[in-house]
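Visitor: Below: sequence and its predicted model.
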Amino acid sequence: MCLGVPGLVVAVDSTDGTGPSAWVEVGGARRRVNTALLQDEGLGVGDWVLIHVGFALARLDEDEAMATLRDLESLETVYTDELDAMARSATSGGAATGASETATEPPGPASVAGPAAPRTHDTATGGGEGAG
């Protein structure tokens with residue numbers, strides 16, 4: 001199953017040389033994601049994005065993000081497995097962009113309010129055929 005997971009931008013950082021990126025928090029795990037698809041969006045700390053395979057695919061409003069997180073949490077083990085996989089990949093040092101991460105994770109907890117979820121839409125559940 002392929003999932004698009006809402007994540008909260010906690011830092012915008014493109015110092016790794018692979019292009020525009022941001023540190024995004026999902027369920028307490030932080031990971032650098034590629035933001036090239038949203039480079040014209042002017043993403044900043046506190047913004048919500050829909051993440052799939054290490055890429056931010058869409059900007060979400062907080063209500064949309066919260067609704068999607070609630071829906072994902074209702075899937076229980078699927079959501080938990082996805083969060084565990086994200087945490088493992090974040091600590092393994094592998095970057096979603098294919099290059100190894102060289103920048104240090106931003107220190108401390110996010111400076112914005114706790115988790116919020118975006119509105120549910122097709123991309124949050126994997127979308128079309130052949131995905132993932």
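Guide: All right, it came through fine.
Visitor: Read off the pLDDT value for Gln39.
Guide: Note for Gln39: predicted pLDDT of 89.
Visitor: Helices along the protein, start to end?
Guide: 62-74, 77-91 (DSSP state H).
Visitor: For the least confident helix or strand in the chain by mean pLDDT, name the packing helices and strands.
Guide: When each helix and strand of the chain is scored by mean pLDDT, DSSP states H and E, helix 77-91 comes last, with a mean of 80. Here helix 77-91 touches strand 29-34, helix 62-74, going by 3 or more Cβ pairs under 8 Å, 6 or more residues apart in numbering; DSSP states H and E. Where you see a C-beta, it was placed from the backbone N, CA and C, and this is true even at glycine.
Visitor: now the angle from it to strand 29-34?
Guide: Calculated by axes from the mean of the first three to the mean of the last three Cα atoms, to 10 degrees, helix 77-91 forms an angle of 70 degrees with strand 29-34.
Visitor: angle of helix 77-91 against helix 62-74?
Guide: 110 degrees.
Visitor: Now do the longest strand that the chain contains: which elements does it pack against?
Guide: In the chain, with assignment by DSSP state E, the single longest strand is strand 5-12. Contact analysis of strand 5-12 by 3+ Cβ pairs under 8 Å, 6+ apart lists strand 21-26, strand 29-34, strand 48-52, helix 62-74 as its packing neighbours.
Visitor: Same list, the ones you listed, but as a markdown table with distance to Val12, mean neighbour count and mean pLDDT please.
Guide: Listed next are the helices and strands packed on strand 5-12 as a markdown table, based on distance: least, Cβ to Cβ, whole Å; neighbours: other Cβ atoms under 10 Å; pLDDT from 0 to 100:
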| stretch | distance to Val12 | mean neighbour count | mean pLDDT |
| --- | --- | --- | --- |
| strand 21-26 | 5 | 24 | 94 |
| strand 29-34 | 11 | 22 | 93 |
| strand 48-52 | 11 | 24 | 96 |
| helix 62-74 | 17 | 18 | 89 |
